[in-house]
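Participant: Sequence and predicted structure are below.
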Amino acid sequence: DAEITQSPRHKITETGRQVTLACHQTWNHNNMFWYRQDLGHGLRLIHYSYGVQDTNKGEVSDGYSVSRSNTEDLPLTLESAASSQTSVYFCASSEFRTGAYNEQFFGPGTRLTVL
Amino acid sequence: QKEVEQNSGPLSVPEGAIASLNCTYSDRVSQSFFWYRQYSGKSPELIMSIYSNGDKEDGRFTAQLNKASQYVSLLIRDSQPSDSATYLCAILPSNDYKLSFGAGTTVTVRA
């Protein structure tokens, strides 16, 4: 069955370190998204991609970067981790097509703690 | 004004009752509408999608869409303790692939 996976599921790191969170989907979806979820803020979009070599900033992109070298993967990098980036991170994907629906499916999440 | 607003909750309903969740949105040309269920500590799970005005039923869930009033709702009939979760409303504009999410409504079904 097609799926979307994230790794690691839990990560503890120190302030200033570079961290990369992996997202891999086997849906063959063109669209991929990274969100963070914090109490009181709901889901906030960090970065997104509509295809290979395409990346775009979301509403909370400062301190984060992504790259898209193939359809299946969109890794999220925290260049220099800060305590404010302690959060739960979700990756999601959807098809690239016009018209109705374009359902977006979420991975299981990565809980990141920055000490 | 936020793009997507949900009733703030928390919503507590007795087992077997109907839970009613509401969502309003500001973008008149929004095209597709979704309800996600999120259990504590888990990722959002898509439970309903609706595109056309009217009702769409799937088991104990009914989504209702009224584009003229810019309103979408989710009814959970015969609520069960397993329905206790946070429900997120999401809107897809006609000209983009990015979803706009509401803040969520937490539902507790008491036995």
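Facilitator: Looks like it arrived, so ask away.

Participant: Chain A: strands as residue ranges?
Facilitator: A:4-7, A:10-13, A:19-25, A:31-38, A:42-51, A:54-57, A:64-66, A:76-78, A:87-94, A:105-106, A:110-114 (DSSP state E).

Participant: likewise chain B?
Facilitator: So, for chain B - with DSSP E - the strands run B:4-6, B:11-14, B:19-25, B:30-38, B:45-50, B:54-58, B:61-66, B:71-76, B:85-93, B:100-101, B:105-110.

Participant: now those in CSV, with mean pLDDT, mean neighbour count and distance to A:Tyr35?
Facilitator: Every C-beta, even on glycine, is put in place using the N, C-alpha and C of the backbone. Listed next are the strands of chain B as CSV, based on pLDDT from 0 to 100; neighbours: other CB atoms under 10 Å in any protein chain shown; distance: least, CB to CB, whole Å:
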stretch, mean pLDDT, mean neighbour count, distance to A:Tyr35
strand B:4-6, 93, 20, 14
strand B:11-14, 96, 14, 24
strand B:19-25, 96, 20, 18
strand B:30-38, 92, 22, 12
strand B:45-50, 95, 18, 14
strand B:54-58, 96, 12, 25
strand B:61-66, 96, 18, 22
strand B:71-76, 97, 21, 21
strand B:85-93, 93, 23, 11
strand B:100-101, 92, 21, 9
strand B:105-110, 96, 18, 18
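
Participant: what's across from B:Leu11 in the sheet?
Facilitator: B:Val107 (DSSP bridges).

Participant: isn't it right up against B:Val109?
Facilitator: No. The pair B:Leu11 / B:Val109 is not scored as a contact, 9.3 Å apart, by CB atoms under 8 Å.

Participant: Could you give the bridge partners of the residue positioned nearest the centre of chain A?
Facilitator: By CA atoms, centre = their mean, chain A has its centre lying nearest to A:Trp34, at 2.6 Å. Counting by DSSP bridges, A:Trp34 is bridged to A:His47, A:Cys91.
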